[in-house]
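Novice: Whatever this is, show me its structure:
(chains A and B)
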2 protein chains.
Amino acid sequence: MPPLTCKGFKSCGIAAGIKKNGNPDLGLLVSDRPAAVAAVFTRNIVQAGPVVLDRERVKAGICRAVIVNAGNANCANGEQGMVAARAMTAAAARALGIAEELVLAASTGVIGAPFPIEKVESAVPDLVDRLNENGTDDLARAIMTTDTRPKTGECQGEAEGIPYRIVAVAKGSGMIRPDMATMLCFIWTDAEVAKADLQTALKRAVDASFNRITIDGDTSTNDTAILMANGASGARIQTADDLAAFQRLATHLCMDLARQMVRDGEGVTKVVDLTVRGARSDHEAAAIADTIAHSPLVKTAFFGEDANWGRIFAASGRAGVDFDPDRFDLFFNDVQMVKDGKGCGLEAEKKATEVLRLPEFSVTVDLNQGSAAAGMLTCDFSLDYVKINADYRS
Amino acid sequence: MPPLTCKGFKSCGIAAGIKKNGNPDLGLLVSDRPAAVAAVFTRNIVQAGPVVLDRERVKAGICRAVIVNAGNANCANGEQGMVAARAMTAAAARALGIAEELVLAASTGVIGAPFPIEKVESAVPDLVDRLNENGTDDLARAIMTTDTRPKTGECQGEAEGIPYRIVAVAKGSGMIRPDMATMLCFIWTDAEVAKADLQTALKRAVDASFNRITIDGDTSTNDTAILMANGASGARIQTADDLAAFQRLATHLCMDLARQMVRDGEGVTKVVDLTVRGARSDHEAAAIADTIAHSPLVKTAFFGEDANWGRIFAASGRAGVDFDPDRFDLFFNDVQMVKDGKGCGLEAEKKATEVLRLPEFSVTVDLNQGSAAAGMLTCDFSLDYVKINADYRS
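Specialist: Okay, here's the model as predicted:
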């Protein structure tokens, strides 16, 4: 794969000693000129210092840099957490020679551990020295926690006859739940996009991607998605057509990263495209999809490669949605396992079991009561999920 | 322990070949005279045949017997499920020489497998032959699924100077969630209690016990709690004082069974008494308790004996309740781990870690915003939970 570059942006990632294992844990993304910025944050009441800081700073709609660390969430540190978040951005601003207010911060890792700001401050000069146009992969590595692989994406568009690029990195493999920004994601483009259009594009892209995945149903205190547009390519996204094309690209990029996140989810051995259709409303379809996707019994059955459709049926029934169980149909890929609320027999089950042996498959529930539908990308619940999270801090 | 007996009741349990492993799987409870009856059922939209049948039959408020099987939930079997549930009660009624309408049915086990009604019918004569006054333990064993221990309870009261007894059996160790009847529980007393009082007593007892426990957050399609009162002791529960005393006994009995269920929960190594206090309303306290109790990250940390309070803090923050994170306090037993939203340091964490090594401990969250509180009995999420549920049907 060619290096991911995007005009006017540099990035990098280094090891600053925050993670106990010595892996990269400090990253920087910088635009050589002021960029329009949009952001989406966690809806958790408990929010990390950098989230509180960024919420305030993105209101200006303009930004030059994002400094991010892994290994410590800088959350539940009280006033010290805010002081540390500000100090991170101040250190980056000094080394870059820009205003502190133009720098955003993000942190990910253990909640409630004192933040080692001195490690960040002493590493920042080296961090700035290493900025380069091909630093995307290093940046992606520096934000990993329990992720086993860096997650990056890129795509190219054209506006007014001028090509532009969009590049993104993301991290996240646990504490993932939809309907929130979820995880960390930084997206940057050398197109020029107005602040309001940028926020709309980010919100829509997140709704169609990160807000439709789940790993364990927990919500982070640090979830942040930031989209920067610096216009360095000269491509201006202004017309409705160009905006629509930009939206498609941004959404596609986020969906790709979201799938990377689920594939690399903690202990994940199965990636499941779940669809609930035939509902009376989108809301009811989503409620059932959410309940199925978070059911420990459904998820452990996926892990066991067991076509235990009774658990999916039972989870659907407790979603708080009124439906007729006698019209319930269920498919594993294209194998119909349940028709009118009853199992389709041993032959169907044999075929369904084959489907469950695949690393990725779809589960489709049809309520046969209407035309609304909702989709989610979910995963299994494995022994390794428990191992990873029982031992996380040790 | 002396055998659990209660005047005018007989019970038993045998192996009818429904379970693959040959363990007891068919039980019977019979009153020698018509008994007043109350019942609470699952709120799942998907309901097993016996649940649908019982809902109708308990309306009469009178009953003589309950026939129950484990190894097959008789759920998602369509009209055949209803036919089989009726046939179970008809077989018992014939052998007992009583009206079919006076027999209730319950089933537990795999959802969606065809129900082996012929095995039940051919075993019923033997089942009735084995009825005896000391059959409680056998009945408790016959309703076990992934339970590793039978669950029974008994207590004694007095009304109008006459002693009476209450005896109960329960099963349940997975697919357990509060706010539903949860699991199977049969309670019988030789006191005389009016139908309406009996229903109130059962509802209150269930609310204070089975509705406050969680193992994995899934809701069964078969949950049934039945309380029978046959008056054989001659003790009549009529005055407000006697009703209150009966309520206390019934509630205490259900709380004891609920704790037995969590202790024997699938893969459980830690039983956790969770309390959220200092809330502005009971509803808000319960919402936070529910979110903490179902968080996979919190539960795996319990399993790992990791005092990872950040996960409890984060789970509280996503419960949909507005609170001030800077007033959040948290205790493991009497060890304060968080004060005003910040960790209490390494010494506190060392002591908290000692607490987490215990098989049972309490977790108390204090929001310091009001005087409302809610409690739940929860547990950890272990490797064995995943193993048990990945392999359940194989």
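
Novice: Now do the strands in the stretch 51-200 of chain A.
Specialist: Per DSSP state E, counting those that start in this stretch, the stretch 51-200 of chain A carries strands over the ranges A:62-70, A:103-108, A:151-159, A:162-171, A:184-189, A:192-193.

Novice: Of all those strands, which one is nearest chain B?
Specialist: Among the strands of the stretch 51-200 of chain A, strand A:103-108 comes nearest to chain B, with 12.2 Å by CB to the nearest CB. The C-beta positions use only the backbone N, C-alpha and C, and glycine is treated the same way.

Novice: where do the helices sit along the stretch 51-200 of chain A?
Specialist: With DSSP state H, counting those that start in this stretch, the ranges of helices along the stretch 51-200 of chain A come out as A:78-96, A:117-129, A:136-142, A:195-208.

Novice: Next, format the strands of the stretch 51-200 of chain A as TSV and append mean pLDDT and mean neighbour count.
Specialist: What follows is the strands of the stretch 51-200 of chain A, written out as TSV (pLDDT from 0 to 100; neighbours: other CB atoms under 10 Å in any protein chain shown):
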stretch	mean pLDDT	mean neighbour count
strand A:62-70	97	25
strand A:103-108	96	29
strand A:151-159	95	19
strand A:162-171	95	24
strand A:184-189	95	28
strand A:192-193	97	26
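
Novice: need the ones you listed in JSON lines with distance to chain B, can you?
Specialist: Formatted as JSON lines, these follow (distance: least, CB to the nearest CB, whole Å):
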{"stretch": "strand A:62-70", "distance to chain B": "15"}
{"stretch": "strand A:103-108", "distance to chain B": "12"}
{"stretch": "strand A:151-159", "distance to chain B": "21"}
{"stretch": "strand A:162-171", "distance to chain B": "16"}
{"stretch": "strand A:184-189", "distance to chain B": "15"}
{"stretch": "strand A:192-193", "distance to chain B": "31"}
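
Novice: what about A:K10, distance to chain B?
Specialist: 33 Å (CB to the nearest CB, to the nearest Å).

Novice: ignore the last one, A:K195
Specialist: 29 Å.

Novice: got a list of what that residue touches?
Specialist: Contact partners of A:K195, counting by CB atoms under 8 Å, 6 or more residues apart in numbering or on different chains, are A:A36, A:V37, A:A38, A:G61, A:I62.

Novice: What helices and strands are in contact with the helix or strand in which the first one is found?
Specialist: If you go by DSSP states H and E, A:A36 is part of strand A:26-41. Contacts defined by 3 or more CB pairs under 8 Å, 6 or more residues apart in numbering or on different chains; DSSP states H and E place strand A:26-41 against strand A:9-14, helix A:49-57, strand A:62-70, helix A:117-129, helix A:136-142, strand A:184-189, helix A:195-208, strand A:224-229.

Novice: Let me have these in TSV, adding distance to A:G304 as columns.
Specialist: Output for these, formatted as TSV (distance: least, CB to CB, whole Å):
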stretch	distance to A:G304
strand A:9-14	38
helix A:49-57	38
strand A:62-70	32
helix A:117-129	43
helix A:136-142	33
strand A:184-189	32
helix A:195-208	31
strand A:224-229	34
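
Novice: right, so of the ones you listed, which gets closest to B:I213?
Specialist: Closest approach to B:I213 among these (CB to CB): helix A:49-57, 34.4 Å.

Novice: What average pLDDT does the closest one get?
Specialist: What helix A:49-57 shows for mean pLDDT is 95.

Novice: how many other residues sit next to the residue of the stretch 1-150 of chain A found nearest chain B?
Specialist: Of all residues in the stretch 1-150 of chain A, A:I111 sits closest to chain B, at 2.7 Å by CB to the nearest CB. Neighbour count for A:I111, taken as other CB atoms under 10 Å in any protein chain shown: 27.

Novice: Ok, the one 3 residues further on next?
Specialist: Around A:P114 there are 15 other residues, counting by other CB under 10 Å.

Novice: and if you look at A:A91?
Specialist: So A:A91, with other CB under 10 Å, has 22 neighbours.

Novice: And for A:K203?
Specialist: The number of residues packed near A:K203 is 17, by other CB under 10 Å.

Novice: Can you report how many residues lie near the residue nearest to it when sequence neighbours are not counted?
Specialist: Once flanking residues are discounted, A:K203 sits nearest to A:V40: 6.3 Å by CB to CB, 6 or more residues apart in numbering or on different chains. Neighbours of A:V40 under the rule other CB under 10 Å: 23.

Novice: Can you read off the pLDDT for A:V40?
Specialist: So A:V40 comes in at 90 (pLDDT).

Novice: Likewise for A:G343?
Specialist: A:G343 is assigned a pLDDT of 93 by the prediction.

Novice: now A:D216
Specialist: Reported pLDDT for A:D216: 68.

Novice: quick revisit: what residues are bridge-paired with the residue nearest to A:K203?
Specialist: A:A225 (DSSP bridges).

Novice: What residues sit buried inside the worst-scoring helix or strand of chain A on mean pLDDT?
Specialist: None of the helices or strands of chain A scores lower by mean pLDDT, DSSP states H and E than helix A:383-390, at a mean of 87. Of the residues in helix A:383-390, A:L383, A:Y385, A:V386, A:K387, A:I388, A:N389, A:A390 count as buried by neighbour count, 16 or more other CB atoms under 10 Å in any protein chain shown.
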